[in-house]
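In: Here is my input, please return the structure:
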Amino acid sequence: MIPGKDFGATFAPVAKLTSVRLLVSLAASHSWPLHQLDVKNAFLHGNLLETIYMDPPPGFWAEGEYAGKVCRLRKSFYGLKQSPKALFSRFSEIILSMEFVRCHFDHTCFIRRHSNGRCIILLVYVDDIILTRDDIPRIAYVKQSLGKVFDVKDLGALKYFLDIKVARSHHGISLSQRKYTLDLLQPVYACSSHVSLRFSSSYLETNKRFTTGLSTFYGNHLISWKSKKQAVVSRSSAEAEYRAMA
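Out: Next up, the predicted model:
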């Protein structure tokens with residue numbers, strides 16, 4: 001594929017993990033249900049702006065007047081560089097036509113407010129969708145509307161999202177990546193390591209630079225955190241805190 005001819009912009013945003021944790025925190029705080037949808041064959045739903053031709057797929061025999069001809073794509077396809085952007089543009093078009101408003105902080109988050117003060121929140125990560133609201137009939141309406149345009153599978157209550165296990169109880173909602181961690185460790189047999197083994201220790205770098213750390217809470221729920229070593233050496237802890245806020 002030739003840039004500028006076969007494809008232009010290819011960027012498509014995906015949901016931020018901070019947005020996922022914030023949405024779960026909102027649902028836990030207000031006792032809202034969390035529903036999950038999956039778009040089947042997602043990249044086949046996007047509209048192409050470019051003219052693209054392809055060879056017939058294996059097993060397809062063109063005979064008669066179609067012998068020796070190629071196919072012109074009408075929709076996006078798996079393997080095209082612009083497929084993610086085409087899918088997200090199509091999805092955004094449909095969601096915005098349903099009176100949703102795009103969130104300025106995260107363009108994959110859409111909110112629809114009603115005159116009675118209630119709202120419905122939708123978060124999308126490529127072909128995975130999370131819905132939450134305090135009104136079950138409205139969620140059913142959104143599912144039905146999306147199903148008219150996309151091949152949508154209703155997965156019911158949110159249980160797994162981006163390899164994050166979502167467990168709900170009367171105490172609240174917990175997020176865990178235990179299965180994902182085990183899947184990473186099993187190929188290198190790290191799960192079978194002896195408990196008495198330890199890694200080789202190394203001395204810390206003595207550069208006297210402070211580390212800036214921050215954490216963001218929604219109520220009592222931690223939704224975002226970050227730490228970074230400062231670029232310069234501060235002469236006091238007060239100066240280090242000032243640089244962290246700057």
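
In: so who does the closest residue to residue 11 other than its chain neighbours touch?
Out: The shortest distance from residue 11 to any non-neighbouring residue, by C-beta to C-beta, 6 or more residues apart in numbering, is to residue 85 (6.3 Å). C-beta coordinates here come from the backbone N, C-alpha and C atoms, glycine included. Residue 85 is in contact with 9, 10, 11, 12, 46, counting by C-beta atoms under 8 Å, 6 or more residues apart in numbering.

In: How about residue 155?
Out: Residue 155 touches 35, 36, 37, 38, counting by C-beta under 8 Å, 6+ apart.

In: rewinding a little: just checking, the residue nearest to residue 11 is part of a helix?
Out: Yes: applying DSSP: H, G, I helix; E, B strand; the rest coil, one finds residue 85 inside a helix.

In: Correct me if wrong: residue 176 contacts residue 163.
Out: No: the criterion here is C-beta atoms under 8 Å, and residue 176 misses it with residue 163 at 10.1 Å.

In: Find the helix or strand that residue 140 is a member of.
Out: Assigned by DSSP states H and E, residue 140 belongs to helix 136-147.

In: Show me which residues of that helix are buried.
Out: Neighbour-count burial for helix 136-147, counted by 16 or more other C-beta atoms under 10 Å, picks out 138, 139, 142, 146.

In: what do you get for stretch 235-242?
Out: In stretch 235-242, counting by 16+ other C-beta under 10 Å, buried: residue 240.

In: contact partners of it?
Out: Counting by C-beta under 8 Å, 6+ apart, 210, 212, 230, 234 sit against stretch 235-242.
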